[in-house]
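J.: please work out how this folds:
(one chain, ligands or ions: 1)
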Amino acid sequence: MDGSPFDRWLEDLERRHLAELSFAQVRKGLQAVSSLYVERRGRIGAGAVFDGEGKRAAFAIFYGPLHHLVVGRIVAALGAAEPGLSRVLDLGCGTGAAGAAWALAAGAEVFGVEKSGWAASEARRTYAALSLRGGATAGDLLRERLPGRGAGILLGWVVNELETTSRAALLPRLLEAARRGARVLVVEPIAARPVPWWTEWAAAFVADGGRDDLWRLPATLPSVVARLDRAAGLDHRILTARSLYLPGRAA
Ligand SMILES: C[S@@+](CC[C@H](N)C(=O)[O-])C[C@H]1O[C@@H](n2cnc3c(N)ncnc32)[C@H](O)[C@@H]1O
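T.: I've put the predicted structure just below:
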């Protein structure tokens, strides 16, 4: 253990979420969350991912660190933290893990917006554990004013959860924020079914000077994540994701 902020964050997650639940309960929660994402997507919008202690713990301990690792690797590969940013706005921040990775890399403050009050409070703990300045509020990302130059705007695994009309209204706002200088990063799973809108969004990002990428990233998973992965019958030794990125128009 090197005592890095990442390790301390994971220790804090394990200590808090495994204090009142057994490993088997969290594993069961993980299987339930995974089944929601893969087979029962219709229930996600109603907040089914966070409606039980086991699922909350599984999201925080498992998907949080995975999303942190994936976004950290994508940001590094895209050069999205260079030059540094003053803030990262993490829309649909969940437990704050993904935006925290970009903020750490870019030396930025991080602000999360999240419709689940539980997840927003968990995000505040994530930022504190990683010694990041910023905050997270419970609210609708669609109502958020989008920043311009000096900011990164992240949508991690969330655009697929929006209603079709909301999603359609969001796209031109993201393009406009990038024209005002914001860097915009959208990350989603590689499976095609949750993202039927991808081709249209990718064409719009690329037309504005952006990128459309698929990622397969070999990773050494943190111990608790690897144990849960195996116990739940999953396999995340290769991290996968797709991303859209707009670097933000220069002045
Ligand atoms: C799959 S999770 C991803 C969380 C986080 N971005 C991450 O990478 O770990 C999607 C999150 O988006 C949130 N969400 C969905 N629609 C939202 C909306 N309209 N406004 C704010 N949050 C939203 C959900 O509550 C959930 O926490």
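
J.: skipping adjacent residues, who's closest to Arg56 in space?
T.: Excluding its sequence neighbours, the residue lying closest to Arg56 (CB to CB, 6 or more residues apart in numbering) is Phe50, at 5.4 Å. C-betas here are computed from N, CA, C, even on glycine.

J.: tell me the residues of this structure that contact the ligand?
T.: For the chain, the residues in contact with the ligand (CB under 6 Å from any ligand atom) are 63-64, 67, 92-94, 97-98, 113-116, 119, 140-142, 156-158, 161.

J.: list only buried entries from those residues.
T.: Buried residues within the residues of the chain next to the ligand, counting neighbours by 16 or more other CB atoms under 10 Å: 63-64, 67, 92-94, 97-98, 113-116, 119, 141-142, 156-158, 161.

J.: let's see which of those residues end up in strands.
T.: Among these, DSSP state E puts Val113, Glu114, Gly156 in strands.

J.: wouldn't Leu66 be in contact with Thr240 here?
T.: No. Applying CB atoms under 8 Å as the test, Leu66 and Thr240 come out as separate, 10.4 Å apart.

J.: these two: who's more crowded?
T.: Leu66 (20 against 13; other CB atoms under 10 Å).

J.: separation between that one and Lys115?
T.: 21 Å (CB to CB, to the nearest Å).

J.: same check, this time on Pro194
T.: From Pro194 to Lys115 the distance is 18 Å (CB to CB).

J.: what of Arg227?
T.: 30 Å.

J.: which parts of the stretch 101-250 of the chain are helices?
T.: 117-129, 164-179, 198-207, 223-231 (DSSP state H, counting those that start in this stretch).

J.: mind putting the ones you listed in JSON lines, mean pLDDT included?
T.: Below are those laid out as JSON lines (pLDDT from 0 to 100):
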{"stretch": "helix 117-129", "mean pLDDT": "97"}
{"stretch": "helix 164-179", "mean pLDDT": "98"}
{"stretch": "helix 198-207", "mean pLDDT": "98"}
{"stretch": "helix 223-231", "mean pLDDT": "96"}
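
J.: grab the nearest non-local neighbour of the residue in the stretch 151-251 of the chain that the ligand sits nearest to.
T.: Residue of the stretch 151-251 of the chain nearest the ligand, by CB to the nearest ligand atom: Gly156 (3.2 Å). Nearest residue to Gly156 in three dimensions, chain neighbours excluded: Ala98, at 3.8 Å (CB to CB, 6+ apart).

J.: just confirm Asp229 contacts His236, I think it does.
T.: Yes. In this structure, Asp229 is within contact of His236 by CB under 8 Å, at 5.2 Å.

J.: give me the common contacts of the two.
T.: Each of Leu221 lies in contact with both Asp229 and His236 under the rule CB atoms under 8 Å, 6 or more residues apart in numbering.

J.: and Gly209, how many neighbours does it have?
T.: Around Gly209 there are 12 residues (other CB under 10 Å).

J.: give me phi/psi at Val88?
T.: phi -120, psi 130 (degrees, to the nearest 10).

J.: tell me the bridge partners for it.
T.: Val110, Gly152 (DSSP bridges).

J.: measure it to Thr137 for me?
T.: Relative to Thr137, Val88 is positioned 14 Å away (CB to CB).

J.: and the residue in the stretch 51-200 of the chain that the ligand sits nearest to, what does it touch?
T.: Among all residues of the stretch 51-200 of the chain, Gly94 sits closest to the ligand, at 2.5 Å; criterion: CB to the nearest ligand atom. Gly94 sits next to Phe59, Tyr63, Gly64, His67, Glu114, Ser116, Ala119, Glu122, Ala123, Gly156, Trp157, Val158 when contact means CB under 8 Å, 6+ apart.

J.: now tabulate those residues in a markdown table and tack on distance to Leu21.
T.: Shown next, in a markdown table, are those (distance: CB to CB, whole Å):
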| residue | distance to Leu21 |
| --- | --- |
| Phe59 | 13 |
| Tyr63 | 16 |
| Gly64 | 16 |
| His67 | 21 |
| Glu114 | 22 |
| Ser116 | 19 |
| Ala119 | 17 |
| Glu122 | 15 |
| Ala123 | 20 |
| Gly156 | 25 |
| Trp157 | 23 |
| Val158 | 26 |
